[in-house]
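Peer 1: Sequence and predicted structure, then a few things I'm wondering about:
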Amino acid sequence: MKLELAIIGLGQIGASLGMALGETKTIIRRVGYDINPKVAELARKYNAVDETVRYVDEAVANADAVILALPLDQIREMMVLITPTMKPDTILMDTAPVKSQIVEWAAELLPESCSYIGLTPVVALQYLLSDQKGIDAARADLFRGGMIAISTSYQSDSRGVKLAADLVRLVEASPLFTDLIELDGIMAATHVMPQFLGAALLNATVDQPGWREARKLAGRAYAEVSRPIARLGNSTLIASTAMLNRENMLRVLSSVIASLQALREDIQHEDYDALTERLERAREGREQWWQDRQDANWGSEDRPHLEKSAATSIFSDMLRFGGKPPRRKE
């Protein structure tokens with residue numbers, strides 16, 4: 001018996017998950033939906049799904065598991081649409097960067113017998129600096145060798161956690177089990193804050209006195225710092241993500257402002273040694289992080305690699321579970 005997986009949203013993340021599962025057709029049937037019919041057609045062409053449907057309720061009606069690979073500001077609206085159609089014991093997952101808010105929506109909208117699991121995929125190093133977007137940026141190896149964080153709530157059960165971990169291994173990534181509150185803090189610092197820093201630099205320079213000449217001289221450093229605000233989403237999405245993760249964003253903003261203030265004071269007081277030390281510490285930190293990403297071996301000792309041929313029994317066991325699955329406590 002095959003597991004039916006519905007992938008809602010066939011952009012880079014959703015299509016890549018589907019493509020990475022392309023060799024599991026004997027155990028997983030991939031049904032895709034995207035609001036844009038042309039994107040859905042491309043997903044089928046790229047072997048990201050086995051079937052696409054015109055209406056989203058068709059995608060989830062028979063699904064054993066659903067992945068919402070959508071921008072955060074579209075998640076709740078989609079949950080409102082699909083939860084009445086989901087069959088009992090369906091496992092709902094998402095790939096959005098803020099989890100605590102989605103847990104609240106799940107508590108409000110998800111049927112009692114269903115389970116929620118949060119996924120936070122990390123793009124593989126070779127694609128980290130790519131400017132491609134959407135389904136044209138989808139790759140079967142987008143997550144290979146990297147980590148995908150798995151976060152749970154009181155609406156998660158052991159069956160859903162196991163399925164999420166097995167799916168992560170099937171796309172050739174390693175599962176990283178995280179606390180969802182901690183994860184929201186991490187994402188505020190590493191996902192949203194770079195976009196805010198780019199916005200701050202642009203607002204401090206563009207259309208300001210002297211910009212007419214400065215724009216001609218702005219080079220690589222300016223382009224790299226300002227890049228996230230143009231590359232990682234529209235302004236509405238960035239603002240929504242920040243507001244839905246408000247406490248963490250305020251904390252990280254305060255920390256960044258304090259760090260900038262310290263640099264300012266070093267310059268103001270002409271403290272060359274202190275300024276040099278801060279900059280060198282930052283440079284070394286960046287180099288160490290980049291080396292860690294290149295090595296990418298932090299998850300290798302946690303779990304053995306799952307051979308795709310061994311996965312049949314995993315999903316067969318999952319589908320044989322009867323009755324209401326046990327609830328995990330917070």
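Peer 2: Ah, there it is.
Peer 1: Now do the strands in the stretch 1-150 of the chain.
Peer 2: 3-8, 28-33, 51-52, 65-68, 91-94, 115-121, 147-152 (DSSP state E, counting those that start in this stretch).
Peer 1: ok now the third one, how far from the chain's centre?
Peer 2: Right, the one you point to is strand 51-52. Offset of strand 51-52 from its chain centre (Cα atoms, centre = their mean, to the nearest Å): 23 Å.
Peer 1: What are the contacting residues of that strand?
Peer 2: Strand 51-52 is contacted from outside by 10, 29, 30, 31, 32, 33, 34, 40, 41, 43, 44, using Cβ atoms under 8 Å, 6 or more residues apart in numbering. Every residue, glycine included, has its C-beta placed from N, CA and C.
Peer 1: For residue 183, which of the strands of the stretch 1-150 of the chain is the nearest?
Peer 2: Checking the strands of the stretch 1-150 of the chain against residue 183 by Cβ to Cβ gives strand 147-152 as the closest, at 5.2 Å.
Peer 1: still on that earlier bit, and the strands of the stretch 1-150 of the chain as CSV, adding distance to residue 129 and mean neighbour count?
Peer 2: Shown next, in CSV, are the strands of the stretch 1-150 of the chain (distance: least, Cβ to Cβ, whole Å; neighbours: other Cβ atoms under 10 Å):
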stretch, distance to residue 129, mean neighbour count
strand 3-8, 26, 26
strand 28-33, 28, 23
strand 51-52, 31, 18
strand 65-68, 26, 25
strand 91-94, 25, 26
strand 115-121, 17, 24
strand 147-152, 18, 22
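Peer 1: ok so, going back, I'd like the contacts of strand 51-52 laid out as TSV, including pLDDT and distance to residue 202.
Peer 2: As requested, these are exported to TSV (pLDDT from 0 to 100; distance: Cβ to Cβ, whole Å):
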residue	pLDDT	distance to residue 202
10	97	31
29	96	46
30	97	40
31	97	41
32	97	36
33	97	36
34	96	31
40	96	35
41	95	36
43	96	34
44	95	39
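Peer 1: Pick the one among the residues you listed closest to residue 273.
Peer 2: Within those, the smallest distance to residue 273 is 53.5 Å, found for residue 10 (Cβ to Cβ).
Peer 1: Pretty sure that closest one sits against residue 41.
Peer 2: No: using Cβ atoms under 8 Å, residue 10 is not in contact with residue 41; the gap is 9.6 Å.
Peer 1: Settle it for me: which of these two has more neighbours?
Peer 2: residue 10 (30 against 14; other Cβ atoms under 10 Å).
Peer 1: roughly how far apart are the more buried one and residue 112?
Peer 2: From residue 10 across to residue 112, the span is 29 Å (Cβ to Cβ, to the nearest Å).
Peer 1: Also residue 274?
Peer 2: Remark: distance between residue 274 and residue 112 (Cβ to Cβ) = 57 Å.
Peer 1: neighbour count winner among these two?
Peer 2: Shown here are residue 274 and residue 112; by other Cβ under 10 Å, residue 274 has more neighbours (15 against 8).
Peer 1: which ones are touching residue 265?
Peer 2: For residue 265, the contact set (Cβ under 8 Å, 6+ apart) comprises residue 271.
Peer 1: Look up how far residue 5 lies from it.
Peer 2: Going from residue 265 to residue 5 by Cβ to Cβ gives 54 Å.
Peer 1: likewise residue 110?
Peer 2: 17 Å.
Peer 1: Equivalent analysis for residue 30, please.
Peer 2: Here residue 30 is placed at a distance of 5 Å from residue 5 (Cβ to Cβ).
Peer 1: Find the residues that touch each one of those two.
Peer 2: Counting by Cβ under 8 Å, 6+ apart, the residues touching both residue 30 and residue 5 are residue 21.
Peer 1: Let me see the ranges of the helices in the stretch 201-330 of the chain.
Peer 2: Assigned by DSSP state H, counting those that start in this stretch, the helices in the stretch 201-330 of the chain fall at 211-217, 220-231, 235-243, 246-268, 272-295, 312-320.
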